[in-house]
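Student: kindly generate the corresponding structure for this input.
(2 chains)
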There are 2 protein chains.
Amino acid sequence: MAGRRALKAVLIDLSGTLHIEDSAVPGAQDALKSLRQASVAVKFVTNTTKESKRNLLERLQRLNFDLQVKEEEIFTSLSAARSLLEQKQLRPLLLVEDGALEDFTGINTSEPNAVVIGLAPDHFNYQTLNKAFRMILDGAPLIAIHKARYYKREDGLALGPGPFVTGLEYATDCKATVVGKPEKTFFTQALSDLGCSPAEAVMIGDDARDDVGGAQDAGMLGILVRTGKYRPGDEDKTSPAPHLTCDSFPDAVEHVLQNLL
Amino acid sequence: MAGRRALKAVLIDLSGTLHIEDSAVPGAQDALKSLRQASVAVKFVTNTTKESKRNLLERLQRLNFDLQVKEEEIFTSLSAARSLLEQKQLRPLLLVEDGALEDFTGINTSEPNAVVIGLAPDHFNYQTLNKAFRMILDGAPLIAIHKARYYKREDGLALGPGPFVTGLEYATDCKATVVGKPEKTFFTQALSDLGCSPAEAVMIGDDARDDVGGAQDAGMLGILVRTGKYRPGDEDKTSPAPHLTCDSFPDAVEHVLQNLL
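Tutor: Next up, the predicted model:
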(Lines give C-alpha, C1' and ligand atoms only; values in the text may rest on other atoms or scores of the structure.)
Protein backbone atom coordinates (compact mmCIF):
# COMPACT_ATOMS: atom_id res chain seq x y z
CA MET A 1 0.00 0.00 0.00
CA ALA A 2 1.25 3.47 -0.86
CA GLY A 3 2.86 5.25 2.08
CA ARG A 4 2.55 2.29 4.40
CA ARG A 5 5.09 -0.27 5.49
CA ALA A 6 4.27 -3.99 5.76
CA LEU A 7 1.97 -4.82 8.64
CA LYS A 8 3.70 -5.84 11.86
CA ALA A 9 0.94 -5.69 14.46
CA VAL A 10 -2.79 -6.26 14.82
CA LEU A 11 -4.59 -4.64 17.77
CA ILE A 12 -7.88 -6.32 18.62
CA ASP A 13 -10.72 -5.02 20.76
CA LEU A 14 -12.33 -7.56 23.12
CA SER A 15 -15.96 -6.96 24.09
CA GLY A 16 -18.16 -6.61 21.00
CA THR A 17 -15.38 -7.79 18.68
CA LEU A 18 -14.10 -11.17 19.93
CA HIS A 19 -17.08 -11.86 22.16
CA ILE A 20 -20.49 -10.47 23.08
CA GLU A 21 -20.84 -10.79 26.84
CA ASP A 22 -20.13 -14.46 27.52
CA SER A 23 -20.41 -15.78 23.94
CA ALA A 24 -17.62 -15.82 21.40
CA VAL A 25 -18.35 -14.22 18.01
CA PRO A 26 -18.86 -17.21 15.64
CA GLY A 27 -15.58 -18.27 14.06
CA ALA A 28 -13.55 -15.82 16.11
CA GLN A 29 -11.44 -18.49 17.83
CA ASP A 30 -10.33 -20.02 14.51
CA ALA A 31 -9.72 -16.61 13.00
CA LEU A 32 -7.47 -15.69 15.91
CA LYS A 33 -5.60 -18.97 15.44
CA SER A 34 -4.92 -18.17 11.74
CA LEU A 35 -3.67 -14.73 12.70
CA ARG A 36 -1.33 -16.27 15.27
CA GLN A 37 0.21 -18.42 12.52
CA ALA A 38 1.07 -15.38 10.41
CA SER A 39 4.19 -13.36 11.16
CA VAL A 40 2.45 -10.53 12.91
CA ALA A 41 2.25 -9.42 16.55
CA VAL A 42 -1.16 -9.49 18.19
CA LYS A 43 -2.34 -7.35 21.09
CA PHE A 44 -5.71 -7.16 22.79
CA VAL A 45 -6.73 -3.63 23.66
CA THR A 46 -9.78 -2.62 25.64
CA ASN A 47 -11.33 0.22 27.61
CA THR A 48 -12.11 -1.13 31.02
CA THR A 49 -12.15 0.57 34.37
CA LYS A 50 -12.97 -2.44 36.46
CA GLU A 51 -11.59 -5.65 34.95
CA SER A 52 -8.00 -6.58 35.61
CA LYS A 53 -5.90 -8.18 32.88
CA ARG A 54 -6.22 -11.47 34.71
CA ASN A 55 -10.03 -11.30 34.58
CA LEU A 56 -9.95 -10.52 30.87
CA LEU A 57 -7.51 -13.35 30.23
CA GLU A 58 -9.65 -15.82 32.15
CA ARG A 59 -12.69 -14.89 30.07
CA LEU A 60 -10.77 -15.43 26.82
CA GLN A 61 -9.66 -18.83 28.05
CA ARG A 62 -13.19 -19.72 29.16
CA LEU A 63 -14.44 -18.88 25.67
CA ASN A 64 -11.82 -21.19 24.12
CA PHE A 65 -9.69 -18.46 22.65
CA ASP A 66 -6.03 -19.16 22.15
CA LEU A 67 -4.72 -20.59 25.40
CA GLN A 68 -1.39 -19.03 24.59
CA VAL A 69 -2.59 -15.46 25.19
CA LYS A 70 -0.30 -13.90 27.78
CA GLU A 71 -1.08 -11.10 30.18
CA GLU A 72 1.48 -8.88 28.46
CA GLU A 73 -0.50 -9.15 25.23
CA ILE A 74 -3.42 -7.43 26.87
CA PHE A 75 -3.33 -3.63 27.04
CA THR A 76 -6.19 -1.86 28.77
CA SER A 77 -7.09 1.65 29.82
CA LEU A 78 -5.98 0.57 33.30
CA SER A 79 -2.56 -0.38 31.86
CA ALA A 80 -2.41 3.02 30.21
CA ALA A 81 -3.14 4.73 33.52
CA ARG A 82 -0.43 2.67 35.20
CA SER A 83 2.07 3.60 32.47
CA LEU A 84 1.31 7.28 32.93
CA LEU A 85 1.72 7.02 36.71
CA GLU A 86 5.07 5.26 36.33
CA GLN A 87 6.29 7.66 33.68
CA LYS A 88 5.42 10.74 35.78
CA GLN A 89 6.30 9.03 39.07
CA LEU A 90 2.93 9.87 40.58
CA ARG A 91 1.34 8.37 43.71
CA PRO A 92 -2.37 7.96 42.95
CA LEU A 93 -5.56 8.10 44.94
CA LEU A 94 -7.17 5.20 43.05
CA LEU A 95 -10.90 5.67 42.53
CA VAL A 96 -11.38 2.33 40.80
CA GLU A 97 -13.29 -0.80 41.75
CA ASP A 98 -11.56 -3.40 43.86
CA GLY A 99 -11.34 -5.79 40.89
CA ALA A 100 -9.12 -3.33 39.05
CA LEU A 101 -6.70 -2.72 41.91
CA GLU A 102 -4.47 -5.68 41.07
CA ASP A 103 -3.40 -3.97 37.86
CA PHE A 104 -1.82 -1.29 40.08
CA THR A 105 0.11 -3.71 42.30
CA GLY A 106 3.44 -2.21 43.28
CA ILE A 107 2.39 1.37 42.59
CA ASN A 108 3.07 3.58 45.61
CA THR A 109 -0.21 5.04 46.85
CA SER A 110 1.04 6.61 50.07
CA GLU A 111 0.58 10.38 50.41
CA PRO A 112 -1.16 10.51 47.03
CA ASN A 113 -0.43 13.38 44.65
CA ALA A 114 -2.63 12.35 41.70
CA VAL A 115 -6.25 11.29 41.26
CA VAL A 116 -7.06 8.31 39.04
CA ILE A 117 -10.76 7.86 38.35
CA GLY A 118 -12.56 4.95 36.73
CA LEU A 119 -16.08 3.62 37.12
CA ALA A 120 -16.16 3.16 40.87
CA PRO A 121 -19.68 3.36 42.29
CA ASP A 122 -18.40 2.54 45.78
CA HIS A 123 -16.17 5.61 45.71
CA PHE A 124 -18.71 7.97 44.15
CA ASN A 125 -19.93 9.59 47.33
CA TYR A 126 -19.61 13.19 48.46
CA GLN A 127 -16.81 12.59 50.94
CA THR A 128 -14.48 10.76 48.55
CA LEU A 129 -15.19 13.08 45.64
CA ASN A 130 -14.51 16.03 47.95
CA LYS A 131 -11.16 14.51 48.90
CA ALA A 132 -10.29 14.21 45.20
CA PHE A 133 -11.52 17.78 44.61
CA ARG A 134 -9.21 19.19 47.29
CA MET A 135 -6.23 17.23 45.98
CA ILE A 136 -6.80 18.60 42.47
CA LEU A 137 -7.12 22.15 43.82
CA ASP A 138 -3.75 21.54 45.50
CA GLY A 139 -2.24 20.66 42.13
CA ALA A 140 -2.74 16.90 41.80
CA PRO A 141 -3.36 15.91 38.16
CA LEU A 142 -6.73 14.28 37.37
CA ILE A 143 -6.31 11.11 35.31
CA ALA A 144 -9.47 9.57 33.81
CA ILE A 145 -9.45 5.91 32.74
CA HIS A 146 -12.03 7.01 30.20
CA LYS A 147 -14.96 9.43 30.03
CA ALA A 148 -17.91 7.27 28.97
CA ARG A 149 -21.22 8.97 29.72
CA TYR A 150 -23.01 5.72 30.61
CA TYR A 151 -22.98 2.01 29.96
CA LYS A 152 -25.56 -0.73 29.57
CA ARG A 153 -26.26 -2.77 32.66
CA GLU A 154 -28.67 -5.68 33.00
CA ASP A 155 -31.24 -3.43 34.67
CA GLY A 156 -30.81 -0.59 32.17
CA LEU A 157 -28.41 2.27 31.47
CA ALA A 158 -26.16 3.39 34.28
CA LEU A 159 -23.76 6.29 34.81
CA GLY A 160 -20.22 5.82 33.52
CA PRO A 161 -17.11 7.48 34.93
CA GLY A 162 -17.47 10.46 32.57
CA PRO A 163 -20.06 12.40 34.58
CA PHE A 164 -17.89 12.21 37.71
CA VAL A 165 -14.75 13.22 35.81
CA THR A 166 -16.67 16.12 34.25
CA GLY A 167 -17.98 17.21 37.66
CA LEU A 168 -14.44 17.35 39.08
CA GLU A 169 -13.25 19.22 35.99
CA TYR A 170 -16.04 21.77 36.47
CA ALA A 171 -15.36 22.16 40.21
CA THR A 172 -11.63 22.66 39.78
CA ASP A 173 -11.56 24.35 36.39
CA CYS A 174 -9.01 21.81 35.16
CA LYS A 175 -8.97 19.23 32.36
CA ALA A 176 -8.52 15.55 33.04
CA THR A 177 -5.88 13.56 31.20
CA VAL A 178 -7.88 10.76 29.57
CA VAL A 179 -5.83 7.60 29.04
CA GLY A 180 -8.20 5.11 27.37
CA LYS A 181 -9.32 4.78 23.76
CA PRO A 182 -9.72 6.89 21.61
CA GLU A 183 -6.70 8.82 22.93
CA LYS A 184 -3.72 8.72 20.58
CA THR A 185 -1.31 7.91 23.42
CA PHE A 186 -3.35 4.80 24.24
CA PHE A 187 -2.59 3.34 20.82
CA THR A 188 1.05 4.38 20.74
CA GLN A 189 1.58 2.91 24.22
CA ALA A 190 -0.08 -0.33 23.15
CA LEU A 191 2.49 -0.59 20.34
CA SER A 192 5.45 0.60 22.37
CA ASP A 193 6.88 -2.82 23.30
CA LEU A 194 6.29 -4.27 19.82
CA GLY A 195 8.93 -2.15 18.11
CA CYS A 196 6.59 -1.07 15.34
CA SER A 197 5.22 2.25 14.22
CA PRO A 198 1.50 3.10 13.88
CA ALA A 199 1.92 2.91 10.10
CA GLU A 200 2.74 -0.77 10.54
CA ALA A 201 -0.35 -1.61 12.61
CA VAL A 202 -4.08 -2.19 12.19
CA MET A 203 -6.83 -1.98 14.79
CA ILE A 204 -9.97 -4.17 14.62
CA GLY A 205 -12.97 -3.12 16.70
CA ASP A 206 -16.72 -2.54 16.91
CA ASP A 207 -16.61 1.08 18.09
CA ALA A 208 -16.35 3.51 15.18
CA ARG A 209 -15.13 6.36 17.36
CA ASP A 210 -13.09 4.72 20.13
CA ASP A 211 -11.52 1.90 18.11
CA VAL A 212 -11.40 2.96 14.47
CA GLY A 213 -11.35 6.75 14.75
CA GLY A 214 -8.82 6.69 17.59
CA ALA A 215 -6.50 4.22 15.84
CA GLN A 216 -6.63 6.10 12.54
CA ASP A 217 -5.96 9.41 14.32
CA ALA A 218 -2.86 7.71 15.73
CA GLY A 219 -1.70 6.77 12.22
CA MET A 220 -2.90 3.16 12.10
CA LEU A 221 -5.42 1.48 9.82
CA GLY A 222 -8.83 0.86 11.37
CA ILE A 223 -11.21 -2.00 10.57
CA LEU A 224 -14.77 -1.71 11.83
CA VAL A 225 -16.76 -4.90 12.49
CA ARG A 226 -20.56 -5.03 12.40
CA THR A 227 -20.91 -6.80 15.77
CA GLY A 228 -21.21 -5.61 19.37
CA LYS A 229 -22.20 -1.98 19.63
CA TYR A 230 -22.07 -1.42 15.85
CA ARG A 231 -25.16 0.32 14.45
CA PRO A 232 -25.81 0.90 10.72
CA GLY A 233 -24.23 4.17 9.67
CA ASP A 234 -21.46 4.02 12.28
CA GLU A 235 -18.89 3.85 9.49
CA ASP A 236 -19.86 7.41 8.53
CA LYS A 237 -19.05 8.69 12.02
CA THR A 238 -15.29 8.75 11.54
CA SER A 239 -13.30 10.86 9.17
CA PRO A 240 -11.43 9.52 7.29
CA ALA A 241 -13.76 6.51 6.87
CA PRO A 242 -12.60 3.14 8.22
CA HIS A 243 -10.00 1.38 6.09
CA LEU A 244 -12.62 -1.39 5.92
CA THR A 245 -16.01 -2.22 7.39
CA CYS A 246 -16.84 -5.92 7.48
CA ASP A 247 -19.32 -8.28 9.05
CA SER A 248 -17.28 -9.67 11.86
CA PHE A 249 -13.84 -10.48 13.24
CA PRO A 250 -13.20 -13.52 10.97
CA ASP A 251 -13.77 -11.34 7.87
CA ALA A 252 -11.42 -8.73 9.26
CA VAL A 253 -8.72 -11.34 9.81
CA GLU A 254 -9.20 -12.71 6.29
CA HIS A 255 -8.71 -9.21 4.89
CA VAL A 256 -5.56 -8.73 6.96
CA LEU A 257 -4.09 -12.07 5.89
CA GLN A 258 -4.90 -11.63 2.21
CA ASN A 259 -4.22 -7.92 1.71
CA LEU A 260 -2.06 -6.43 4.42
CA LEU A 261 0.76 -8.90 4.95
CA MET B 1 -32.93 59.39 36.54
CA ALA B 2 -33.30 59.28 32.79
CA GLY B 3 -35.25 56.26 31.59
CA ARG B 4 -36.04 54.99 35.08
CA ARG B 5 -39.18 55.28 37.14
CA ALA B 6 -39.18 56.09 40.87
CA LEU B 7 -37.85 53.29 43.03
CA LYS B 8 -40.48 50.95 44.43
CA ALA B 9 -38.47 47.96 45.71
CA VAL B 10 -35.12 47.14 47.25
CA LEU B 11 -33.83 43.57 47.03
CA ILE B 12 -31.23 42.72 49.64
CA ASP B 13 -28.82 39.80 49.74
CA LEU B 14 -28.34 38.16 53.15
CA SER B 15 -25.02 36.40 53.77
CA GLY B 16 -22.09 38.74 53.12
CA THR B 17 -24.36 41.79 52.88
CA LEU B 18 -26.49 41.96 56.04
CA HIS B 19 -24.35 39.57 58.05
CA ILE B 20 -21.08 37.65 57.86
CA GLU B 21 -21.74 34.19 59.29
CA ASP B 22 -23.26 34.91 62.71
CA SER B 23 -22.34 38.59 63.02
CA ALA B 24 -24.37 41.47 61.64
CA VAL B 25 -22.52 43.97 59.41
CA PRO B 26 -22.00 47.03 61.66
CA GLY B 27 -24.91 49.46 61.36
CA ALA B 28 -26.92 47.12 59.16
CA GLN B 29 -29.85 46.78 61.58
CA ASP B 30 -30.35 50.56 61.82
CA ALA B 31 -29.94 50.96 58.08
CA LEU B 32 -32.65 48.38 57.47
CA LYS B 33 -34.90 50.24 59.92
CA SER B 34 -34.46 53.50 57.98
CA LEU B 35 -35.28 51.74 54.75
CA ARG B 36 -38.43 50.29 56.30
CA GLN B 37 -39.59 53.82 57.15
CA ALA B 38 -39.33 54.93 53.53
CA SER B 39 -42.12 54.13 51.09
CA VAL B 40 -40.38 51.26 49.37
CA ALA B 41 -40.89 47.49 49.41
CA VAL B 42 -38.09 45.37 50.79
CA LYS B 43 -37.31 41.78 49.90
CA PHE B 44 -34.48 39.53 51.04
CA VAL B 45 -33.08 37.39 48.24
CA THR B 46 -30.50 34.66 48.61
CA ASN B 47 -29.01 31.64 46.93
CA THR B 48 -29.37 28.78 49.32
CA THR B 49 -29.88 25.12 48.68
CA LYS B 50 -30.17 24.00 52.28
CA GLU B 51 -31.65 26.69 54.48
CA SER B 52 -35.41 27.06 54.62
CA LYS B 53 -37.01 30.50 54.83
CA ARG B 54 -37.76 29.80 58.48
CA ASN B 55 -34.07 29.17 59.21
CA LEU B 56 -33.07 32.37 57.46
CA LEU B 57 -35.75 34.33 59.30
CA GLU B 58 -34.63 32.97 62.65
CA ARG B 59 -31.06 34.05 61.95
CA LEU B 60 -32.17 37.58 61.08
CA GLN B 61 -34.13 37.74 64.29
CA ARG B 62 -31.23 36.35 66.31
CA LEU B 63 -29.01 39.09 64.87
CA ASN B 64 -31.54 41.77 65.94
CA PHE B 65 -32.68 42.63 62.46
CA ASP B 66 -36.17 43.99 62.06
CA LEU B 67 -38.47 41.67 63.96
CA GLN B 68 -41.18 42.53 61.48
CA VAL B 69 -39.54 40.58 58.62
CA LYS B 70 -42.08 38.09 57.35
CA GLU B 71 -41.43 34.81 55.59
CA GLU B 72 -43.04 36.11 52.43
CA GLU B 73 -40.42 38.86 52.26
CA ILE B 74 -37.74 36.24 51.84
CA PHE B 75 -37.17 34.88 48.34
CA THR B 76 -34.57 32.17 47.87
CA SER B 77 -33.34 29.89 45.16
CA LEU B 78 -35.47 27.22 46.85
CA SER B 79 -38.53 29.49 46.48
CA ALA B 80 -37.64 29.93 42.82
CA ALA B 81 -37.48 26.16 42.34
CA ARG B 82 -40.83 25.79 44.05
CA SER B 83 -42.37 28.48 41.80
CA LEU B 84 -41.10 26.70 38.72
CA LEU B 85 -42.48 23.35 39.89
CA GLU B 86 -45.89 24.91 40.57
CA GLN B 87 -45.95 26.79 37.32
CA LYS B 88 -45.09 23.68 35.27
CA GLN B 89 -47.07 21.34 37.55
CA LEU B 90 -44.08 19.06 38.04
CA ARG B 91 -43.63 16.36 40.69
CA PRO B 92 -39.99 16.51 41.80
CA LEU B 93 -37.42 14.05 43.00
CA LEU B 94 -35.94 16.45 45.58
CA LEU B 95 -32.18 16.09 45.93
CA VAL B 96 -31.90 18.71 48.68
CA GLU B 97 -30.89 18.50 52.32
CA ASP B 98 -33.54 17.71 54.88
CA GLY B 99 -33.42 21.28 56.22
CA ALA B 100 -34.62 22.59 52.86
CA LEU B 101 -37.54 20.19 52.50
CA GLU B 102 -39.98 22.34 54.45
CA ASP B 103 -39.89 24.95 51.70
CA PHE B 104 -41.46 22.31 49.44
CA THR B 105 -44.28 21.39 51.81
CA GLY B 106 -47.45 20.61 49.86
CA ILE B 107 -45.61 19.87 46.61
CA ASN B 108 -46.61 16.47 45.22
CA THR B 109 -43.55 14.25 45.06
CA SER B 110 -45.25 10.97 44.17
CA GLU B 111 -44.21 9.34 40.88
CA PRO B 112 -41.68 12.11 40.25
CA ASN B 113 -41.25 13.52 36.75
CA ALA B 114 -38.62 16.18 37.42
CA VAL B 115 -35.26 16.29 39.20
CA VAL B 116 -34.47 19.18 41.55
CA ILE B 117 -30.87 19.29 42.70
CA GLY B 118 -29.29 21.41 45.40
CA LEU B 119 -26.28 20.85 47.63
CA ALA B 120 -27.23 17.51 49.13
CA PRO B 121 -24.19 15.47 50.20
CA ASP B 122 -26.44 12.75 51.63
CA HIS B 123 -27.99 12.21 48.19
CA PHE B 124 -24.75 12.42 46.22
CA ASN B 125 -24.09 8.73 45.90
CA TYR B 126 -24.02 6.55 42.79
CA GLN B 127 -27.42 4.96 43.33
CA THR B 128 -29.35 8.20 43.78
CA LEU B 129 -27.53 10.00 40.99
CA ASN B 130 -28.23 7.03 38.74
CA LYS B 131 -31.93 7.26 39.56
CA ALA B 132 -31.89 10.94 38.60
CA PHE B 133 -29.92 10.10 35.42
CA ARG B 134 -32.53 7.58 34.28
CA MET B 135 -35.40 9.97 34.99
CA ILE B 136 -33.72 12.67 32.89
CA LEU B 137 -33.12 10.20 30.05
CA ASP B 138 -36.84 9.46 30.24
CA GLY B 139 -37.60 13.14 29.73
CA ALA B 140 -37.72 14.59 33.25
CA PRO B 141 -36.38 18.17 33.32
CA LEU B 142 -33.30 18.83 35.46
CA ILE B 143 -33.75 21.85 37.73
CA ALA B 144 -30.66 23.17 39.53
CA ILE B 145 -31.07 25.36 42.60
CA HIS B 146 -27.77 26.88 41.54
CA LYS B 147 -24.50 25.73 39.96
CA ALA B 148 -21.83 26.88 42.43
CA ARG B 149 -18.57 25.02 41.91
CA TYR B 150 -17.67 24.93 45.59
CA TYR B 151 -18.20 26.74 48.85
CA LYS B 152 -16.18 27.52 51.92
CA ARG B 153 -16.66 25.20 54.84
CA GLU B 154 -14.99 25.40 58.24
CA ASP B 155 -12.54 22.65 57.27
CA GLY B 156 -11.80 24.11 53.83
CA LEU B 157 -13.38 24.28 50.37
CA ALA B 158 -16.03 21.71 49.56
CA LEU B 159 -17.91 20.73 46.41
CA GLY B 160 -21.05 22.71 45.62
CA PRO B 161 -24.06 21.41 43.69
CA GLY B 162 -22.58 22.58 40.36
CA PRO B 163 -20.26 19.60 39.76
CA PHE B 164 -23.14 17.15 40.27
CA VAL B 165 -25.45 19.16 38.02
CA THR B 166 -22.73 19.31 35.38
CA GLY B 167 -22.14 15.55 35.65
CA LEU B 168 -25.82 14.84 35.03
CA GLU B 169 -25.86 17.30 32.13
CA TYR B 170 -22.86 15.51 30.59
CA ALA B 171 -24.35 12.04 31.10
CA THR B 172 -27.71 12.95 29.58
CA ASP B 173 -26.62 15.56 27.04
CA CYS B 174 -29.20 18.00 28.43
CA LYS B 175 -29.00 21.44 30.02
CA ALA B 176 -30.27 22.11 33.53
CA THR B 177 -32.68 24.94 34.20
CA VAL B 178 -30.88 26.99 36.85
CA VAL B 179 -33.28 28.89 39.11
CA GLY B 180 -31.06 30.83 41.56
CA LYS B 181 -29.12 34.05 41.11
CA PRO B 182 -27.81 35.28 38.66
CA GLU B 183 -30.69 33.99 36.49
CA LYS B 184 -32.94 36.75 35.19
CA THR B 185 -36.10 34.82 36.13
CA PHE B 186 -34.92 34.71 39.74
CA PHE B 187 -35.06 38.49 39.96
CA THR B 188 -38.31 38.89 38.06
CA GLN B 189 -39.96 36.24 40.25
CA ALA B 190 -38.71 37.99 43.38
CA LEU B 191 -40.48 41.14 42.21
CA SER B 192 -43.60 39.41 40.91
CA ASP B 193 -45.81 39.93 43.98
CA LEU B 194 -44.65 43.50 44.53
CA GLY B 195 -46.34 44.89 41.43
CA CYS B 196 -43.22 46.67 40.24
CA SER B 197 -41.02 46.38 37.19
CA PRO B 198 -37.26 45.73 37.24
CA ALA B 199 -36.74 49.37 36.26
CA GLU B 200 -38.30 50.32 39.60
CA ALA B 201 -36.03 48.12 41.71
CA VAL B 202 -32.49 48.01 43.07
CA MET B 203 -30.46 45.04 44.28
CA ILE B 204 -27.84 45.34 47.05
CA GLY B 205 -25.33 42.52 47.40
CA ASP B 206 -21.71 41.47 47.85
CA ASP B 207 -21.46 39.22 44.79
CA ALA B 208 -20.52 41.15 41.66
CA ARG B 209 -21.72 38.43 39.33
CA ASP B 210 -24.64 36.77 41.10
CA ASP B 211 -26.14 39.85 42.77
CA VAL B 212 -25.14 42.90 40.76
CA GLY B 213 -24.58 41.40 37.31
CA GLY B 214 -27.71 39.25 37.50
CA ALA B 215 -29.93 42.09 38.72
CA GLN B 216 -28.63 44.51 36.12
CA ASP B 217 -29.13 41.94 33.36
CA ALA B 218 -32.75 41.72 34.55
CA GLY B 219 -33.12 45.51 34.16
CA MET B 220 -32.61 46.55 37.79
CA LEU B 221 -29.94 48.76 39.34
CA GLY B 222 -27.19 46.93 41.20
CA ILE B 223 -25.25 48.16 44.22
CA LEU B 224 -22.12 46.25 45.20
CA VAL B 225 -20.98 46.32 48.83
CA ARG B 226 -17.37 45.75 49.87
CA THR B 227 -18.19 43.16 52.54
CA GLY B 228 -18.59 39.36 52.49
CA LYS B 229 -17.06 37.76 49.45
CA TYR B 230 -16.13 41.10 47.85
CA ARG B 231 -12.53 41.28 46.63
CA PRO B 232 -10.87 44.44 45.21
CA GLY B 233 -11.52 44.61 41.50
CA ASP B 234 -14.84 42.75 41.68
CA GLU B 235 -16.62 45.87 40.41
CA ASP B 236 -14.81 45.41 37.09
CA LYS B 237 -16.22 41.91 36.66
CA THR B 238 -19.66 43.03 35.53
CA SER B 239 -20.59 44.87 32.41
CA PRO B 240 -22.13 47.38 32.69
CA ALA B 241 -20.36 48.35 35.91
CA PRO B 242 -22.41 48.41 39.13
CA HIS B 243 -24.68 51.44 39.54
CA LEU B 244 -22.64 52.03 42.71
CA THR B 245 -19.94 50.31 44.73
CA CYS B 246 -19.84 51.29 48.40
CA ASP B 247 -18.28 50.15 51.66
CA SER B 248 -21.20 48.37 53.20
CA PHE B 249 -24.97 47.98 53.48
CA PRO B 250 -25.55 51.18 55.52
CA ASP B 251 -23.83 53.24 52.79
CA ALA B 252 -25.95 51.54 50.14
CA VAL B 253 -29.14 52.39 52.05
CA GLU B 254 -28.04 56.00 52.48
CA HIS B 255 -27.54 56.24 48.72
CA VAL B 256 -30.97 54.75 48.06
CA LEU B 257 -32.70 57.10 50.49
CA GLN B 258 -30.93 60.20 49.26
CA ASN B 259 -30.79 59.58 45.51
CA LEU B 260 -33.24 56.97 44.33
CA LEU B 261 -36.52 57.81 46.09
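Student: find me the pLDDT at the nearest residue to A:Pro121 once chain neighbours are set aside, would you?
Tutor: Spatial nearest neighbour of A:Pro121, chain neighbours left out: B:Tyr126 (3.8 Å); criterion: C-beta to C-beta, 6 or more residues apart in numbering or on different chains. C-beta here means a position set from N, CA and C on the backbone, and glycine is covered the same way. pLDDT for B:Tyr126: 97.
Student: thought B:Tyr126 was touching A:Leu119?
Tutor: No - B:Tyr126 is not in contact with A:Leu119 according to C-beta atoms under 8 Å; the separation is 9.3 Å.
Student: more crowded one of these two?
Tutor: When B:Tyr126 is set against A:Leu119 and neighbours are counted by other C-beta atoms under 10 Å in any protein chain shown, the residue ahead is A:Leu119, at 25 against 18.
Student: where does the more buried one land in three-state SS?
Tutor: Using DSSP: H, G, I helix; E, B strand; the rest coil, the secondary structure recorded for A:Leu119 is coil.
Student: how far away is the nearest residue in space to A:Gly16 that is not next to it in sequence from chain B?
Tutor: What sits nearest to A:Gly16 in space, not counting adjacent residues and going by C-beta to C-beta, 6+ apart, is A:Gly228, at 2.1 Å. Remark: distance between A:Gly228 and chain B (C-beta to the nearest C-beta, to the nearest Å) = 22 Å.
Student: can you list the domain ranges for chain A.
Tutor: Domain segmentation of chain A under automatic domain parsing yields A:9-47+A:181-260, A:90-178.
Student: tabulate those domains (TSV), appending distance to B:Ala158.
Tutor: Converted to TSV, those look like this (distance: least, C-beta to C-beta, whole Å):
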stretch	distance to B:Ala158
domain A:9-47+A:181-260	31
domain A:90-178	5
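Student: the ones you listed: which one's closest to B:Lys43?
Tutor: Ranking these by proximity to B:Lys43 (C-beta to C-beta) places domain A:90-178 first, at 30.9 Å.
Student: helices of chain A, start to end?
Tutor: Counting by DSSP state H, chain A has helices at residues A:28-37, A:53-62, A:77-88, A:126-137, A:162-172, A:184-191, A:214-217, A:249-255.
Student: export these to JSON lines and tack on distance to A:Arg149?
Tutor: What follows is the helices of chain A, written out as JSON lines (distance: least, C-beta to C-beta, whole Å):
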{"stretch": "helix A:28-37", "distance to A:Arg149": "28"}
{"stretch": "helix A:53-62", "distance to A:Arg149": "23"}
{"stretch": "helix A:77-88", "distance to A:Arg149": "16"}
{"stretch": "helix A:126-137", "distance to A:Arg149": "18"}
{"stretch": "helix A:162-172", "distance to A:Arg149": "5"}
{"stretch": "helix A:184-191", "distance to A:Arg149": "18"}
{"stretch": "helix A:214-217", "distance to A:Arg149": "17"}
{"stretch": "helix A:249-255", "distance to A:Arg149": "26"}
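Student: hang on, A:Asp122 packs against A:Gly99?
Tutor: No - assessed by C-beta under 8 Å, A:Asp122 is found out of contact with A:Gly99, at 11.0 Å.
Student: picking up where we left off before, from A:Gln127, how far off is the residue nearest to A:Pro121?
Tutor: Here B:Tyr126 is placed at a distance of 13 Å from A:Gln127 (C-beta to C-beta, to the nearest Å).
Student: same thing with A:Glu200?
Tutor: In this view, A:Glu200 and A:Gln127 are 48 Å apart by C-beta to C-beta.
Student: so the two - more neighbours on which side?
Tutor: Comparing A:Glu200 with A:Gln127 by other C-beta under 10 Å, the one with more neighbours is A:Glu200, at 21 against 12.
Student: and the worst-scoring helix or strand of chain A on mean pLDDT, which strands flank it?
Tutor: When each helix and strand of chain A is scored by mean pLDDT, DSSP states H and E, strand A:150-153 comes last, with a mean of 84. If you go by DSSP bridges, strand A:150-153 pairs up with strand A:156-159 (antiparallel).
Student: list the buried residues of the strand it pairs with.
Tutor: Applying a neighbour-count criterion of 16 or more other C-beta atoms under 10 Å in any protein chain shown, one finds A:Leu157, A:Ala158, A:Leu159 buried in strand A:156-159.
Student: of the residues you listed, closest to B:Leu244?
Tutor: Using C-beta to C-beta, A:Leu159 is the member of the buried residues of strand A:156-159 that lies nearest B:Leu244, at 46.3 Å.
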